[in-house]
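Enquirer: pasting the structure only:
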């Protein structure tokens, strides 16, 4: 059974790639993921703020609004609480490359096109096979236009691409006015892959203590439908590889992503919740399903359920929307 796939030009033995998470902080854990069958690994993110600010500056940056908004600083970790500093991160990449044979993908998390983007070259020199650029930005300023936000993403991508020769993926959110056009812009700007989608973590309020409470919840299976939908729409329309992340928990989820047109299925929550051994279990289930349904390879199914052959994808989406609403029957 041929489970191999190609992602950003990297030949992978299967489509399962652990996404950036605390699991990649330890060399032995990454080695265990490789042993379980992971085809590549995305390393935990290094943040723009860690690169551009000295400790004192970062302290000031994180507590800037402390007087006007007492709870503001609860959103941010103390500088010493970051998992890896810039130099330790490079050492970690180098150590991972010595320990495993699978591709190691570095992760940069930033929102501007400043000098921090040059650090991508250091990650490349440390041995990373590719870089995932994680753009996490919530536009709260009502004076910033949608075009300005889009240009920020493109400029940040270009700044990173100018400093490296290895492939660069960009992980983005689904909240663009025209997601398909944004994908095309990033494709033209040189993105080797689009990772769909970033999860925006929603804070909660503690009403007893009147505090803002950061709240991180692991993904649920239903969250996979959003990247599934957009991969099916974008397949065949752009050159960049397509990766799905969020909500992938079993072999059926992986199969759906492949049939939509994805090149890899990234997962973290399933491994954090149920252990690294889930990788080998999912791979076995994947092979069993393919054997039962007479698929000899991943390539045979890739894109088979995409919208590539649909003349009017927007009309197709609207037709399905109307059909869904008309088909629901209340159970009371």
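Expert: Yep, it's here. Being a predicted model, the structure only gives us computed values, none of them experimental.
Enquirer: In which helix or strand does residue 155 reside?
Expert: In the assignment (DSSP states H and E), residue 155 maps to helix 146-161.
Enquirer: What count of nearby residues applies to residue 33?
Expert: Residue 33 sits with 24 neighbouring residues when counted by other Cβ atoms under 10 Å. Every residue, glycine included, has its C-beta placed from N, CA and C.
Enquirer: Now do the same contact list for it.
Expert: Neighbour list for residue 33: 18, 23, 41, 271, 276, 279 [criterion: Cβ atoms under 8 Å, 6 or more residues apart in numbering].
Enquirer: taking those residues one by one, which sit in strands?
Expert: Those of those mapping onto strands are 18, 41, per DSSP state E.
Enquirer: Adding neighbour count and pLDDT, write the contacts of residue 33 out as a markdown table.
Expert: Shown next, in a markdown table, are those (neighbours: other Cβ atoms under 10 Å; pLDDT from 0 to 100):
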| residue | neighbour count | pLDDT |
| --- | --- | --- |
| 18 | 28 | 97 |
| 23 | 20 | 94 |
| 41 | 26 | 98 |
| 271 | 24 | 96 |
| 276 | 20 | 97 |
| 279 | 24 | 98 |
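Enquirer: Is it possible to get a markdown table of the contacts of residue 33 that adds distance to residue 33?
Expert: Below are these laid out as a markdown table (distance: Cβ to Cβ, whole Å):
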| residue | distance to residue 33 |
| --- | --- |
| 18 | 5 |
| 23 | 7 |
| 41 | 6 |
| 271 | 8 |
| 276 | 5 |
| 279 | 6 |
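Enquirer: ok, the contacts of residue 33 vs residue 2, which is closest?
Expert: residue 279 (18.0 Å; Cβ to Cβ).
Enquirer: Now that closest one: closest residue in space that isn't a chain neighbour?
Expert: residue 36 (4.0 Å; Cβ to Cβ, 6 or more residues apart in numbering).
Enquirer: Where do the helices of this protein begin and end?
Expert: For the chain, the helices defined by DSSP state H occupy 27-36, 48-52, 55-62, 86-99, 119-125, 146-161, 179-188, 225-234, 251-260, 269-274, 278-292, 298-301, 313-327.
Enquirer: Redo these as TSV? Include distance to residue 107.
Expert: What follows is the helices of the chain, written out as TSV (distance: least, Cβ to Cβ, whole Å):
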stretch	distance to residue 107
helix 27-36	13
helix 48-52	12
helix 55-62	19
helix 86-99	9
helix 119-125	9
helix 146-161	12
helix 179-188	17
helix 225-234	18
helix 251-260	20
helix 269-274	16
helix 278-292	19
helix 298-301	25
helix 313-327	31
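Enquirer: weakest of these in terms of mean pLDDT?
Expert: Note on the helices of the chain: helix 55-62 shows the lowest mean pLDDT, a mean of 42.
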